[in-house]
Structure formats: structure tokens, C-alpha cells
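Student: Next input, structure requested:
(chains A and B)
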Amino acid sequence: MPRNRDRRPAGRPATAVVTTAGRGSRRGSPQTRLRVGFVMIAMVLSLFGARLVQLQGLDPGSYAAMAAAEGTVDVVLPAQRGDILDRNGQPLAVSIDGLMIVGDPQMTEDKAPEIARFLSQKLDVDYFAVLKRLRGLKEGSRFEYLARHVPSTLATDVIHEAEDRGYEGLSTRRDAVRTYPSHDIAANLVGFVGTDQPYGGLEEVFDKALSGKDGSERYEVGAGNRIPLGDNTTVPAVDGQDLRTTIDRDLQWYTQRVLRQAREASGGSSAIAVIMDSRTGEVLALADDPTYDADAPGESPVKDRRARSLNLAYEPGSVEKVLTLSALIDAGKVNARTELLVPGELHRQDRVIHDHWEHGLIKLTLAGVLAKSSNVGTVLASDRFEPGQLRAYLAQFGLGQPTNVGLGAESRGNLPDPSVWNSQIGDRIAFGQSLAVNAMQMTAAVNTIANHGLRVDPTLIQGQARRDDGMEIGTDVSSTRQVISKEAARQMTLMMERTVDPEDGVAPKAQVPGYVVAGKTGTAQRVGTCGTGAAKHSCYDGTNTVSFAGFAPAQNPRFTIYVVIQAPTIAGAGGGATAGPVFSKLMAYALQRYGVPPIEKKQTRLPVEW
Amino acid sequence: MSTPALQLRERLPRLADEALDRARLTVVPRRRVRAARMPFVTLVSLILLGGVVGLLCFNTQMQQASFAATQLEAQSDNLAAREQTLHDDLQQLRDPQELARRAQAAGMVVPQTSCTLRLAAATTQGTCAPATADSTPPLDPRPPRKPAVLDPDPVVVVVPPAAGAQGQGGRHDQGGRGHEGHHDTARG
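Tutor: A predicted model of the protein is given here:
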């Protein structure tokens, strides 16, 4: 009411004056009041102004972020890890959606034993380990991993059941599962992914390409639902690339099983088998034994999880004679019918060279030297090399250099440097001792003969792929080089056919019914450790490396197979008797599997004696 | 009080004035035709109301769709996970080892030789012989060798047939000695 009275029209001044005067005594003059009011309004406005400056001027970004964070959800869109496939698209390693189960000890502590029992029954986890985590590994912990890499259907079922039973404090997070559906098949080659990172094999070497790039998504939610017109940004995940290998899974399986059978029967410490497509250099099977289950790597010792076929360097023995003699033929020094007088033993500067069987002076052709695997004959023939020629040929065959077939930590072997090369070393290298190779190098070298003198780089990856270290490898970037002439390769093939001859050769068990096989055995002295404690040193410890390398059909080779068994313990173990039958089985299987028709052709009658 | 004549006199010039006034041209304001306000206001109100109601419906519809989308997404995730798990199961079944196990259980073997049929010439090529199991490798590795403590050598105890002891007593005695021997081996 007083306000109304203030606004009275000026027609009644007397009353107004009286009223104003009467109240003015208490309120002060209007001017004063106006000033006070103005000051108060100004103060309030200046507070607003200051706040405005604070919000917009000093740190607008963080406030905007805080405002946005309210009700905004940030999600990582995990990139799917690429699969590792065999040549027919069968999976060797695949990723499936998975979850991890995590617990909040503050909530799970009370019912820890019940939850632990429940989880250990439902999932593959240890009761006591989970129990500890449910009670909190650290004081005041609010986050503990209970199970990692659980397939998401299983994890969801478990969480639902836990809720039904009234267990609180369990939740899930995304955590992809890597599975190896064929377990130990090509496990040494593929490697495996541990809890957080890959170990060994292709998984490790191609980790970047396989992993892809995680994406992210940010959106606003209200009551658990996405707000339709709210802020919404999505950076899609880039899935990892699939890696297609040249491995044939079924052939790989058969190779591994046959190899294991042979190693167990011979009492060997380890064994390797390589099957290569002679024309393209593609590796169809690369088997190591003992091996491991990539789905349960912890059950096997670390040494069995590596690829011995690439990491292990050993002395190849007589298989190497193939390279020596074909180099001699290519250099025009000898031919398959060259006649040699081979004594029972050969005295060289530092030691005596023997053959693996007792004999007097015998007359062997070069073909006979190879078929009977005579060390003395090989050394006599290799005396015809010019200085440095053998080493140059062996380097051309790819010895002493990594094949770069795809895996990390590949051994480059050991081809002695020209500076340390002397005639004794040269003599021993001529028949395959005093130099070291890995199985892949040796397979590629023997494959050079099968491929008419043209060496193709062995490959494990179809197409092209980039390793984490930047190297591009694969069938698209493999190279070839002519090491020996076509004619030299043809003569060597004929000589190698004599190796499996039942009468003249040393490895009749390596024959494949219906096909003509060319091959060479190897029984090498193996380097081990002698002495104990500080006196430990490398030496020939009396064990052998037995091997067989060959290809078929001899005149038009499709497959080159190399089998190596380390340190067999049974009596009479040798390249022909122990590794030969493995070669025969693998070759028969591969030829049938790829539909190579049997060829009606008589075995060569190249003379072995004169 | 005025006379009628006066009245007339007074009136006449007035009339003339009026006529004069009327005869003189003057500027008149343009006549404005005002449409009825009511229909326009109603129309605008209706449009506004319609817009508001429409927007509300649209918004509600979008929210509904959002709920449905969230639910369907969850369902799709679920189904994708199930599909993957089933696919994984399938892969386990297609594992060469599993196939070989089933094939061997059915009595199948890996052939040793191959035989090609030439249908046109009605001949065979290669070694045509019945398959044997020689090329079929065992599926599983040999079991690991147990430590000597767990796998002692069999103990052979030769018991000379005692003249007096026979029947139950004799057997009991033999068992007891065998047990003793077993312990000795384990300790050794």
C-alpha cells in the first residue's frame, strides 16, 4: 500500500507532502535511498561480472569440460585383433569378444568365500587366488581383477547368476579373448597372446598390424539411454589386418604328428620338418617338436615355445654335400660321371677324415660319392675348387644370412668368414661340418636344386605384410636368383635319385611308392657342452643330428621336404633310417593332398662305381 | 425564442455553407479495410499450438526410438557375442586333431600310397594297394615319464611253495612280503 500512495497523481499535493515527510524521517531522502539501492545493485552485478570473468576468462575449457562430463559417457571402441589364417582361410588364431570380471572388495568382502567358490566352479580360476582378491590385495582397494579374457556370453551368464544369488560388487569390462582353435598346430610359428601382450611368433612380429587402432565414442545419456540430439562424436575403431600365412593347416597337422611319432620313437631331443612348395618357395608346413598348446602356453617349458626351425643353428652334415657337389658341377670342375679313387681314410693337416663305413680303396663316380655319402670322396672332389669359390657358392645358396621369412630372432647360422677360412675348415665344410645353418636356410638351399638352380626366398606370408620393425615380407616381395645352371641342377637331381636306390643308396626308406624321389641324407656330429662348471665349453658330445632333405617328383618337383631330428638315442639312428621314413610319409601325404599324379618313370641308372 | 422566419434565415446560409463546404475538395484519409482479426489470431494460435504439440510428439518419438535403439544395441551385442562363441565352438570341432580323432574312431586311416584312376583309358596308375594303418600317426603324445618315486619297478617276489603253508594263510603271507619289497624299492 505505501507504494501506491507514493504514486498518487500530483493533484493532491498536500496529502503527498504530509505522507512523504512523515515516512521520510524513517527512510531517509529518496536520493539517499536511490544511491544506496544503486550501490547494492552495482555490488551484486559486479559479483556476477567477476564470476563471468572467472568462468569465461580464466579457464573456460575446464568448466566446459566439467559441464559436458555431467551425463556424458566416454567409451573406448576396441579394435578387433586381426586373425591369423592358413592358406585356405582356416583360422590359426582368432579373436572373439570377451569380458573381464572385476570385483569391488568393499562390497565382496563379506561373501568372499561363497563368491570365490561360485567363480571357481563357473570359470577357470583358482579358488584361493580369487578369494584373496575378493578380500582386497591392498587395504582399501576398490578394484580387483577376478578373471581375465572370459568369452562374453559366459561372463554375462556368470554375472546374471551372481546377481540372482545376491552376490554384489561384481562387474565386467571389455577384454578381448584370443583363441587358437587348432591348439598346437603351427603354435611355434603363430606364437600366443598373453594377458596383456603377445609373446613370440607372428603375434609378436606383426603386433602393430594385427592390433589395429582403438576408436572412441562420446555421447550424452539420461537414465541409461542415449539422448538423441545430445553431443555425439564417434571415432570408429580401425580393426587389425588379418594375416594370411602360406601354411596348410591339415598338412601342418599331419607333419607335426608324424614328426612327434618319429622323435618319440628315436628318442631324439627335438625335431624339425619343413615342407616347401618347390616352385614358389611358400612354406606349407613348418613343424617343431616338442611343441606347445597355444591355448595353454603355461603348460609347456619356454624352450618348446620357440621356433627351433628358425632359431636353432646346427651343423647340417652330409645334406650339405648336395650344395658342394652341385657348385662343383656348375663351376665345370666335375660332372655326375667323374671318376674318383676314394681311399678308406684321408690324412689332412690336422686330422684324419673317415667315411661312415669301413672300406679300402674304392672306385666311385661323383654320383656314387653322393649316393653312398662319402666324406673322403667329397673332400677329394672339392679340392678342385678355386680358393674362396665354395664359400661364394654357399653364400649364394643363402647360407650365413637370415632368410627373413617372417619371425623374429632368426638365427643367421654360421658361414665362416673368408678371414678365418682355411683349407681344414674348407675340407670339413665340404661335407657339412664346421658351419651352422637353420632349417629354413637349408630347405631353401636344397630347393634351389629342385627349382632348376633358381633359388626362391622362402615365404610364410601370403601377399605382403609389414613387420613392426618396418620390414615388408611376403610372397609379393620375395626375390629369386639363379645360383647354379639348369644343367648342373639336372645332373644333381639325377645323382640325388641314387640316394634312395635300394642297392646303391643309403636311404631306400625315403622312397615314395609311385613317385621318383631325389634326396640326401645327413648324419652330423652335433655340438653340445662338455665339462662342468667353469670348464664348460662347446664340443662334439657324441650325439648326432640326423636329417633328410629331398624333393619329388624328381623331374618336375612340387615339394621340397627337410626333416631333422636332433640327438636320437636309439641304436642305428641315421639320416636314412630315422629321418628317411618321415620324409617318405610326409611326401606321400603332400603329393596325394595336392593331387600330383604318380609318374611312370624308371629310376635313373646313373653309375655309382667304375 | 426565435421566429420561424428567422430560423429559416439563419438556416439558409448554413445550408449554403454546408453545400459550399461539401463542394470544396478536401483530402480525405484513405479508407482502411480491416479484415476480421479473429480468424487470423485463431490460425496463428493453431499453428503455434500445432507446432508445439508436434515438436513434443516428435521429441517423445525420438526418445522412444532412443530407448529402443539402446535396447536393440544391447541385444545386438549379446547376439554378436553368442554368434562368436558358437563360431568358436565350430572352429574347435573343425580342428584337424578333432577330425582325425573322429575319423580314427570310425576306423579310418591315412593312406600310404596313392592310386590314380584313368577313366577314359579304364586303367589305374600308381600303387593300388589297400591302405594300412602304417602312415597313421598316433594322435596323442606318449604320456610323460613319471619320476621313479611314483612309478617304481615291478617287484617280483619268488616264493618257494612251502610244504605246510597253503590256502588263505599262504596268500596272505605272499601279499605281506610283496608290500615290504615295494617299500624297499621306493626307498632305493
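Student: and the stretch 451-600 of chain A, which residues reach chain B?
Tutor: A:Pro513, A:Gly514, A:Lys585, A:Ala588, A:Tyr589, A:Leu591, A:Gln592, A:Pro597, A:Pro598, A:Glu600 (Cβ under 8 Å from any Cβ of the partner chain). C-beta: built from backbone N, CA, C; applies to glycine.
Student: Need the max-distance pair from these.
Tutor: Pairwise distances across those peak at 22.4 Å for A:Lys585 and A:Glu600 (criterion: Cβ to Cβ).
Student: More neighbours: these two, which one.
Tutor: A:Lys585 (27 against 9; other Cβ atoms under 10 Å in any protein chain shown).
Student: Give me the three-state assignment for that one.
Tutor: helix (DSSP: H, G, I helix; E, B strand; the rest coil).
Student: Next one: it from A:Asn447, what distance?
Tutor: 20 Å (Cβ to Cβ, to the nearest Å).
Student: thinking A:Tyr562 is in contact with A:Gly522, fair?
Tutor: No - A:Tyr562 is not in contact with A:Gly522 according to Cβ atoms under 8 Å; the separation is 9.5 Å.
Student: A:Trp421 belongs to a strand, doesn't it?
Tutor: No - A:Trp421 is assigned coil when assessed by three-state DSSP, not a strand.
Student: any idea how far it is from chain B?
Tutor: Plainly put, A:Trp421 is 43 Å away from chain B if you go by Cβ to the nearest Cβ, to the nearest Å.
Student: Residue 78: neighbouring residues, count only.
Tutor: Going with chain A. Based on other Cβ under 10 Å, the number of other residues close to A:Pro78 is 18.
Student: Can you look at chain B instead?
Tutor: For B:Asn78, using other Cβ under 10 Å, the count is 14.
Student: Surely it is in a helix?
Tutor: Yes - counting by three-state DSSP, B:Asn78 is found in a helix.
Student: Provide the backbone phi and psi angles at the nearest residue to A:Trp421 once chain neighbours are set aside.
Tutor: Leaving aside its chain neighbours, A:Trp421 sits nearest to A:Arg391 (6.1 Å; criterion: Cβ to Cβ, 6 or more residues apart in numbering or on different chains). Main-chain dihedrals, A:Arg391, degrees, to the nearest 10: phi -60, psi -40.
Student: Run through the residues that contact A:Arg391.
Tutor: A:Arg391 makes contact with A:Leu415, A:Pro416, A:Pro418, A:Trp421, A:Ile429, according to Cβ atoms under 8 Å, 6 or more residues apart in numbering or on different chains.
Student: gap between it and chain B?
Tutor: 40 Å.
Student: Could you measure from that residue over to A:Pro316?
Tutor: 15 Å.
Student: How about A:Ala79?
Tutor: Distance, A:Ala79 to A:Pro316, by Cβ to Cβ: 43 Å.
Student: Show me which of these two is the more surrounded one.
Tutor: Using other Cβ under 10 Å as the criterion, A:Ala79 and A:Pro316 rank with A:Pro316 on top: 31 against 19.
Student: so where is chain B shaky, pLDDT-wise?
Tutor: B:1-15, B:164-188 (pLDDT under 70).
Student: which SSE is A:Leu284 in?
Tutor: Element membership of A:Leu284, judged by DSSP states H and E, is strand A:283-289.
Student: Can you give me the buried ones in that strand?
Tutor: A:Val283, A:Leu284, A:Ala285, A:Leu286, A:Ala287, A:Asp288, A:Asp289 (16 or more other Cβ atoms under 10 Å in any protein chain shown).
Student: That strand and chain B in contact?
Tutor: No - using Cβ under 8 Å from any Cβ, strand A:283-289 never reaches chain B; the gap is at least 8.9 Å.
Student: Which strands or helices does that strand pack on?
Tutor: helix A:187-190, helix A:249-266, strand A:270-277, helix A:308-311 (3 or more Cβ pairs under 8 Å, 6 or more residues apart in numbering or on different chains; DSSP states H and E).
Student: just so I know, which of those lies nearest chain B?
Tutor: Closest to chain B of the helices and strands packed on strand A:283-289, according to Cβ to the nearest Cβ: helix A:249-266, at 3.7 Å.
Student: Residues contacting the helix or strand hosting A:Glu161, please?
Tutor: Assessed by DSSP H and E, A:Glu161 sits inside helix A:152-164. The contact list for helix A:152-164, computed with Cβ under 8 Å, 6+ apart, reads A:96-101, A:115, A:118-119, A:122-123, A:147, A:150, A:170-172, B:78, B:81-82, B:84-85.
Student: and those, which are buried?
Tutor: In the contacts of helix A:152-164, the ones that pass as buried (16+ other Cβ under 10 Å) are A:96-101, A:115, A:118-119, A:122, A:147, A:150, A:170, A:172, B:81, B:84-85.
Student: which bits of chain B sit near chain A?
Tutor: So far as Cβ under 8 Å from any Cβ goes, chain B lies against chain A at B:62-63, B:65-67, B:69-70, B:77-78, B:80-82, B:84-85, B:87-88, B:91-92, B:94-97, B:100, B:110-116, B:125-127, B:135, B:137-139, B:141-142.
Student: hang on, A:Ser269 packs against A:Gln566?
Tutor: Yes - with contact defined as Cβ under 8 Å, A:Ser269 reaches A:Gln566; the gap is 5.1 Å.
Student: about what we covered before: okay, and which of the contacts of helix A:152-164 map to helices?
Tutor: Members of these lying in helices (criterion: DSSP state H): A:Ile115, A:Phe118, A:Leu119, A:Lys122, B:Asn78, B:Ala81, B:Arg82, B:Gln84, B:Thr85.
Student: Quick one: mean pLDDT for stretch A:521-537?
Tutor: Stretch A:521-537 carries an average pLDDT of 81.
Student: Ends of that stretch, what's the gap?
Tutor: 29 Å (Cα to Cα, to the nearest Å).
Student: can you dump the C-alpha coordinates of stretch A:316-326 into PDB?
Tutor: Taking C-alpha atoms only, stretch A:316-326 is exported to PDB below (Å, rounded to 0.1, in the frame of the first residue of the first chain):
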ATOM      1  CA  PRO A 316      73.900 -79.900 -41.300                       C
ATOM      2  CA  GLY A 317      76.200 -82.700 -42.100                       C
ATOM      3  CA  SER A 318      76.000 -84.700 -45.400                       C
ATOM      4  CA  VAL A 319      72.900 -82.900 -46.700                       C
ATOM      5  CA  GLU A 320      75.300 -80.100 -47.400                       C
ATOM      6  CA  LYS A 321      77.300 -82.300 -49.900                       C
ATOM      7  CA  VAL A 322      74.400 -81.600 -52.300                       C
ATOM      8  CA  LEU A 323      75.400 -77.900 -52.300                       C
ATOM      9  CA  THR A 324      79.200 -78.600 -52.500                       C
ATOM     10  CA  LEU A 325      78.900 -81.000 -55.400                       C
ATOM     11  CA  SER A 326      76.300 -79.000 -57.400                       C
END
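Student: all strands of chain B, in order?
Tutor: B:115-118, B:123-126 (DSSP state E).
Student: what would the ones you listed look like in CSV with mean neighbour count?
Tutor: Output for the strands of chain B, formatted as CSV (neighbours: other Cβ atoms under 10 Å in any protein chain shown):
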stretch, mean neighbour count
strand B:115-118, 13
strand B:123-126, 14
